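Engineer: test case, fold it:
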Amino acid sequence: MDSASSPPSRRRWSWGSALAGAATTVAAAAVALCRPRDPRFELISIGLSTFHFRPPAALDIGLTLTVHATNPNVVPVRYGASTVSILYGGAHLGTARLDAGEQPATSCRLLHLPARLDGVELAHHARAILSDVARRHMELDAAVQITGEAAVLLWSRRFSVRIDSHIVVDPVFLEVIEQDNRSEMQLYLT
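Structural biologist: From the prediction side, this is the model:
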């Protein structure tokens, strides 16, 4: 039997198809690399900056919080001033100030935040705080909302980042024992 097999069909190579495939690959890589990522924050240290006792029972405690901030995005950001709320047992214990600033793309930086603890709230929680000092284990929470702009090509896009932290410190030596930091970023397209 004569089997007439047809020769395999040859597809012609096309520059148009190659360019379309390359453009699709470049666009997919750009989307994967440029998608917004949540910034990371880590409390490195706590330093006592002021400690004043004012009669009758007012305590003035100032701290300096050193925070390691990482911008994992491929664009620089500018952010406005914000106030960090410091909570103890669900009660507002004090605040830290984040000054307005900027951070380059894919960079890390140390931020030094001045903080002030409320003497009246410290007095309200004196028994629990003294117990924590004796155990050398104090749990604090911190929350902040940061707003700013990210420069994307020729346009600036507004964003906001919500950061919630749970921090365990040694209140005697002001050492950070452990922490859990969660951030969530929202990018506004308008």
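Engineer: can you pull out the strands in the protein?
Structural biologist: Applying DSSP state E to the chain gives strands spanning 40-54, 58-71, 77-79, 82-88, 91-98, 101-103, 107-117, 138-152, 155-170, 175-187.
Engineer: in TSV, list the ones you listed along with distance to Ile129.
Structural biologist: Where C-beta positions appear, they are placed from N, C-alpha and C, glycine not excepted. Formatted as TSV, the strands of the chain follow (distance: least, C-beta to C-beta, whole Å):
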stretch	distance to Ile129
strand 40-54	14
strand 58-71	11
strand 77-79	32
strand 82-88	7
strand 91-98	9
strand 101-103	32
strand 107-117	10
strand 138-152	7
strand 155-170	12
strand 175-187	16
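Engineer: please identify which of those strands is closest to Val26.
Structural biologist: The closest of the strands of the chain to Val26 is strand 138-152. By C-beta to C-beta, the value is 17.1 Å.
Engineer: nearest to Thr24, of the strands of the chain?
Structural biologist: Nearest to Thr24, of all those, is strand 138-152, at 21.2 Å by C-beta to C-beta.
Engineer: who are the packing partners of that closest one?
Structural biologist: Helices and strands touching strand 138-152, as assessed by 3 or more C-beta pairs under 8 Å, 6 or more residues apart in numbering; DSSP states H and E, comprise strand 77-79, strand 82-88, strand 91-98, helix 126-135, strand 155-170.
Engineer: want to throw these into a markdown table with mean pLDDT?
Structural biologist: Converted to a markdown table, these look like this (pLDDT from 0 to 100):
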| stretch | mean pLDDT |
| --- | --- |
| strand 77-79 | 90 |
| strand 82-88 | 95 |
| strand 91-98 | 95 |
| helix 126-135 | 93 |
| strand 155-170 | 90 |
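Engineer: same list (these) but as CSV, adding distance to Glu149 and mean neighbour count.
Structural biologist: Putting the helices and strands packed on strand 138-152 into CSV (distance: least, C-beta to C-beta, whole Å; neighbours: other C-beta atoms under 10 Å) gives the following:
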stretch, distance to Glu149, mean neighbour count
strand 77-79, 5, 19
strand 82-88, 14, 18
strand 91-98, 16, 17
helix 126-135, 40, 13
strand 155-170, 4, 16
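Engineer: and of those, who's closest to Ile61?
Structural biologist: Nearest of these (C-beta to C-beta): strand 91-98, 7.8 Å.
Engineer: which one of the helices and strands packed on strand 138-152 lies nearest to His68?
Structural biologist: Comparing these by their distance to His68 (C-beta to C-beta), the top pick is strand 155-170, with 12.5 Å.
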